[in-house]
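Visitor: Return a 3D structure for these sequence lines:
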Amino acid sequence: MEWNDRFMMLFREAVERYLLNSRTPIDRFFLPEESDFLASIGYKPAEMHAVIQDYAMLGEPSPSAALLIASTRRSFFLTAQRGISGNAAPVTAKDLPAETEEFQEIAYLPRIIRKAEAKLFGTLDTGIMYPDARDRQFLRENGNIHPNDFLQLVWSTRCDRQKIITAVLNAIQQQAGDQSPTPAAPAGADESAPEPHQTPADSTPRQTELNLG
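Guide: This is a model prediction of the structure:
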């Protein structure tokens, strides 16, 4: 079985397990072979448990989003870290910038950058989740950026904060353009149908694609 299929199967089974008994201690929540599998992709049981808990309680991150994030962490773990977790000190809550701290007048951006770095390197304290509900809200409201795209941005820029900030500002600008009101039709124009050879605009919000180059 491919690792992604095993991840999805574990995700589904773990959600059912959590809904049956949410009080099971984290250290007894996963079977030994499940913990071994998580270790093989650079994940800790408590890290996966937080994802399961959020999905069971809040409906996000979705299973597919969780898989994408796990894939980026796994790729970094197996290539950049050569499958070795290392002994770096965990990044705890006290190590994170305050939620009110700003980059380019954008509050919370320093905090989520630090969290994403720690997630990528596997050093995020098990009591902290990326992306938690606040992270997801921030990314939606500031460029409608997918949490995995943000994680990949941190990797591709080698954690270069200025490049990350520039990409976020560009995403915010694009989001603002997507949400700008449609100009009013000239007086007397027929608004019942689009002009010939034109397709009505798709009103579905688009998720910003970051330039990861």
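Visitor: Just the terminal-to-terminal distance for stretch 78-94.
Guide: Criterion C-alpha to C-alpha, to the nearest Å; first-to-last residue distance in stretch 78-94 is 29 Å.
Visitor: what does it rub up against?
Guide: 42, 77, 114-115, 117-118, 121-128 (C-beta atoms under 8 Å, 6 or more residues apart in numbering). In short, each C-beta sits where N, CA and C put it, glycine included.
Visitor: do that again at 6 Å, thanks
Guide: The contact list for stretch 78-94, computed with C-beta atoms under 6 Å, 6 or more residues apart in numbering, reads Ala118, Gly122, Thr123, Leu124, Asp125.
Visitor: Restricted to helices, list these.
Guide: In this view, the contacts of stretch 78-94 that belong to helices under DSSP state H are Ala118.
Visitor: State the phi and psi torsions of Arg12.
Guide: Phi and psi for Arg12, reported as degrees, to the nearest 10, are phi -60, psi -50.
Visitor: In the contacts of stretch 78-94, which residue is surrounded by the most others?
Guide: In terms of neighbours by other C-beta atoms under 10 Å, these top out with Leu124 at 25 neighbours.
Visitor: give me every residue that touches that residue.
Guide: So Leu124 contacts Val91, Ala118 (C-beta under 6 Å, 6+ apart).
Visitor: And it, how far from Leu96?
Guide: Leu124 sits 10 Å away from Leu96, going by C-beta to C-beta, to the nearest Å.
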